[in-house]
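Colleague: Dropping the sequence and predicted coords here.
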Amino acid sequence: MGELPLAGAGTAARTRFPYALSLEQFVTERLLVAALARLGTHVAWHCAVEDIAETADGVRVSVQGSKGSGTISTRWLVGADGASSTIRRLTGQEFRGETYTQKGLLADVDLAVNLGIRKMRLNLTRGGFVGVLPLASGRYRLFGVVPPGFHRTPEPDNLSHDAYARLDDADLRHWFESYFSVDAKLQKIVWAAMFRFHSRISERFRVDHSFLVGDAAHIHNPAGGQGLNLAVGDAVNLGWKLAQVVNGEAPASLLETYETERRPVAAAVLARTDIGFKLETSTSPLALWMRTHVATRAIGLVCRLPPVRKLFFDMFSQLWIAYRTSAAIDHSNSSGRGPHAGDRAPYATLAGPRGSARNVMALTHSPNYHVLLIGAIDPSQAGHLRDLLAARYTAEIKTHLLTGNETEVCRAYRATKSAKLVLVRPDGHIAAIVDPFSWDTITRILGHLDKVLLRADRYRGEH
């Protein structure tokens, strides 16, 4: 059984979280519900959407709840209702793709052995693959492809996109003993279920005033562990744009960039995981021989190489995602080395903390645009720019002066020879980067901001 490290070598300088964290779903849900409660919002459980209807300025939603039915009128509707999304169906969107013939299995268990918390173990078998993933609770997640004909109990059929079918303990123990090369005893089965593998994506992520995020917009097989991270990325991308539009800070046209930014990302993840899954489950004689004799032994060796570990970490963490072709990005300085507009802003540790912030990502961690003035810049120029932005736009734009003593920041943003102005979006991606810093280049930044933000002196009446 090969081992895959969950911590990325050499990634501590790129992120505050240089590791993979595995949480049970109920823990994630509990954290999200608690976060909503802190914001004064509660979850209405046991409610179902029955119908939606477009209106002149929004959408009317018919809801059936535990206390009866009712309607909700809202300007915007976000369908985060899973793979069998009602919102997707009611907006008439096709869920294009395929459903694989193979069935998968997930189980949370207690094992009578400590396998450690820093590595995932993967075994490529004749039937496909099986794996053991350590969870933060001390339990282990078993996952893999169910080999044909291994069932001792009747096999469920016709599972929907997001349906799970219960698996008897006897079947799980048989699966574990037959296919896992782990010297461990299966002590307790917390839960176990079977599911179908899918690779599907919605034709549109937005229809009029309705949006789709997460599994409602795309589902894929679990190769690469991208599902939840991809869904959260959708929510973050749409969330800050919706907030600015609703708060009268940005034009409604900004929302058009949600689909153009996130659908290509989802399509790329589906393509990659589809290739990986088919390689892992192919029944061709060559693929079977490679899986059972070569691949598993090679995993542990290859994953010791720093470039490979970086590749795995970037894939799991989704640090590879960029929006370089987006209409919400300034493309005028898109050549040369270093970070480009659309890329995730480099992490870059600060020489001295700014309040509680010790790196650029923390410094820009708020639902605002941030202007980074990096290098040899006159503080009076920074102050003048700050006043100009405050008077020009309805949205608050925060300005940070990072002088030449911020050597790591200057190096990460390639501002060691000339000063730069970097505009960072609320989601941590670079909206624009200009070099050298001058009032001519500031004019270009203002031109970009005029497209994505409402000007205080022109558009107060639009919203």
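Modeller: Nice, thanks for sending it over.
Colleague: Three-state assignment for the residue nearest to L23 when sequence neighbours are not counted, please.
Modeller: In space, L23 comes closest to A136 once its chain neighbours are excluded; the distance is 5.7 Å by CB to CB, 6 or more residues apart in numbering. (C-beta placed from N, C-alpha, C; glycine too.) At A136 the chain is in coil, as set by DSSP: H, G, I helix; E, B strand; the rest coil.
Colleague: A250 too?
Modeller: Criterion first, three-state DSSP; result for A250: coil.
Colleague: Flag the shaky bits of the stretch 151-300 of the chain, pLDDT-wise.
Modeller: Residue ranges of the stretch 151-300 of the chain with pLDDT under 70: 151-164, 181-182, 223-225, 291-293, 295-297, 299-300.
Colleague: thinking T407 is in contact with G352, fair?
Modeller: No - checked against CB atoms under 8 Å, the pair T407 and G352 is beyond contact range at 11.6 Å.
Colleague: Spit out the contact partners of T15.
Modeller: Shown in contact with T15 (CB atoms under 8 Å, 6 or more residues apart in numbering): 317, 319, 347, 361.
Colleague: go on, G58?
Modeller: Counting by CB under 8 Å, 6+ apart, the residues that G58 touches are 73-77, 209.
Colleague: again, only this time at 10 Å
Modeller: 73-77, 208-210 (CB atoms under 10 Å, 6 or more residues apart in numbering).
Colleague: now do V269
Modeller: Taking CB under 10 Å, 6+ apart, one finds 199, 201, 218, 220, 223-224, 226-227, 229-230, 233, 315, 318, 321 in contact with V269.
Colleague: switch the cut-off to 6 Å
Modeller: 226, 230 (CB atoms under 6 Å, 6 or more residues apart in numbering).
Colleague: what about T407 and G352, which has more around it?
Modeller: T407 (12 against 7; other CB atoms under 10 Å).
Colleague: pLDDT below threshold where in the stretch 351-463 of the chain?
Modeller: 459-463.
Colleague: which stretches of it form helices?
Modeller: 360-363, 379-392, 407-412, 439-452 (DSSP state H, counting those that start in this stretch).
Colleague: Make JSON lines from those and add distance to A35 to it.
Modeller: Shown next, in JSON lines, are the helices of the stretch 351-463 of the chain (distance: least, CB to CB, whole Å):
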{"stretch": "helix 360-363", "distance to A35": "18"}
{"stretch": "helix 379-392", "distance to A35": "30"}
{"stretch": "helix 407-412", "distance to A35": "30"}
{"stretch": "helix 439-452", "distance to A35": "27"}
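Colleague: Nearest to K188, out of those helices?
Modeller: helix 360-363 (39.6 Å; CB to CB).
Colleague: and the nearest residue to G131 once chain neighbours are set aside, what pLDDT?
Modeller: Computed as CB to CB, 6+ apart, the closest residue to G131 that is not its neighbour in sequence is L122, at 4.5 Å. Predicted confidence (pLDDT) for L122: 73.
Colleague: What about D208, how many residues nearby?
Modeller: Residues near D208, counting by other CB under 10 Å: 13.
Colleague: Could you find the closest non-adjacent residue to it?
Modeller: E54 is the one closest to D208 (CB to CB, 6+ apart), at 5.3 Å.
Colleague: Could you check how far that neighbour is from I87?
Modeller: 13 Å (CB to CB, to the nearest Å).
Colleague: Helices of the protein, residue ranges please.
Modeller: Secondary structure of the chain, counting by DSSP state H: helices at 25-38, 86-90, 169-179, 227-246, 256-281, 285-290, 296-302, 306-317, 360-363, 379-392, 407-412, 439-452.
Colleague: Tell me which of these is the most buried.
Modeller: Counting by mean count of other CB atoms under 10 Å, helix 360-363 has the highest mean neighbour count of these, with a mean of 22.
Colleague: could you dump that one to PDB, C-alpha only?
Modeller: Taking C-alpha atoms only, helix 360-363 is exported to PDB below (Å, rounded to 0.1, in the frame of the first residue of the first chain):
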ATOM      1  CA  VAL A 360      -0.200  39.500   3.000                       C
ATOM      2  CA  MET A 361      -3.100  37.000   2.900                       C
ATOM      3  CA  ALA A 362      -4.100  37.900   6.400                       C
ATOM      4  CA  LEU A 363      -3.600  41.600   5.700                       C
END
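Colleague: Counting neighbours, what do you get for T399?
Modeller: 18.
Colleague: what sits opposite it in the beta ladder?
Modeller: Beta bridges link T399 to V371, judged by DSSP bridges.
Colleague: was I right about E408 contacting L350?
Modeller: No - look at E408 against L350 with CB atoms under 6 Å: they stay out of range, at 7.7 Å.
Colleague: Quick check: the two most widely separated of the contacts of T15?
Modeller: Greatest spacing in the contacts of T15, by CB to CB: S317 and M361 (12.8 Å).
Colleague: for S84, phi and psi?
Modeller: When read as degrees, to the nearest 10, the backbone of S84 gives phi -100, psi 40.
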